[in-house]
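**Student:** what follows is a predicted structure for the sequence shown.
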Amino acid sequence: MNKEELVKEIAKKAKYTQKEVAEVLAATLEVIEKSVSKGKKVTLVGFGTFQAKKRAARTGRNPQTGAELQIAAKTVPYFSAGKAFKERVNK
C-alpha cells in the first residue's frame, strides 16, 4: 500500500475528504520525523515506537572487488512495533 492508497482507505473509514486526510497524514509524518531527528521518541501505544538509534562504525566489503572499506558511524531512524501490532500481524 502506498501513501495515496492509505489516504483513500482512511478517508473512506473516517468519512473525511481525501484532501483533509492527506493534510493530517502529512502533518503527522512531519511531526514524527522532526521529533525523531531531535533525538526524541514517539510512542503510539499499541502501534509502536519511532526513535533514532546510533549505528557504530564498522568494516564492510565491496561486493565487486572484495576489498575492505570503512563504513562510518551514523544515526538511523528505527521503528519498533508494539505488542498489539505484533499480535495482529502474527494471526
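**Tutor:** Structure's in. What do you need? Quantities reported herein were computed from a predicted structural model and do not represent experimental measurements.
**Student:** please count neighbours and contacts with C-alpha atoms only from this point.
**Tutor:** OK.
**Student:** with adjacent residues omitted, what lies nearest to the most centrally placed residue in the chain?
**Tutor:** Closest residue to the average C-alpha location of the chain: Phe79 at 5.5 Å, with Cα atoms, centre = their mean. Nearest non-adjacent residue to Phe79, counting by Cα to Cα, 6 or more residues apart in numbering: Phe50, 4.6 Å away.
**Student:** same question, Ala56
**Tutor:** Counting by Cα to Cα, 6+ apart, Ala56 lies nearest to Ala73, which is 4.6 Å off, once chain neighbours are set aside.
**Student:** for that neighbour, give me its contacts.
**Tutor:** When the contact criterion is Cα atoms under 8 Å, 6 or more residues apart in numbering, the partners of Ala73 are Lys54, Arg55, Ala56, Ala57, Arg58.
**Student:** the same query, at a cut-off of 7 Å, please.
**Tutor:** Contacts for Ala73 (Cα atoms under 7 Å, 6 or more residues apart in numbering) come out as Arg55, Ala56, Ala57.
**Student:** sorry, back to before: doesn't the residue nearest to the centre of the chain fall inside a strand?
**Tutor:** Yes - inclusion of Phe79 in a strand is indicated when DSSP: H, G, I helix; E, B strand; the rest coil is applied.
**Student:** doesn't Thr49 make contact with it?
**Tutor:** Yes - under the criterion of Cα atoms under 7 Å, Phe79 makes contact with Thr49 at 5.7 Å.
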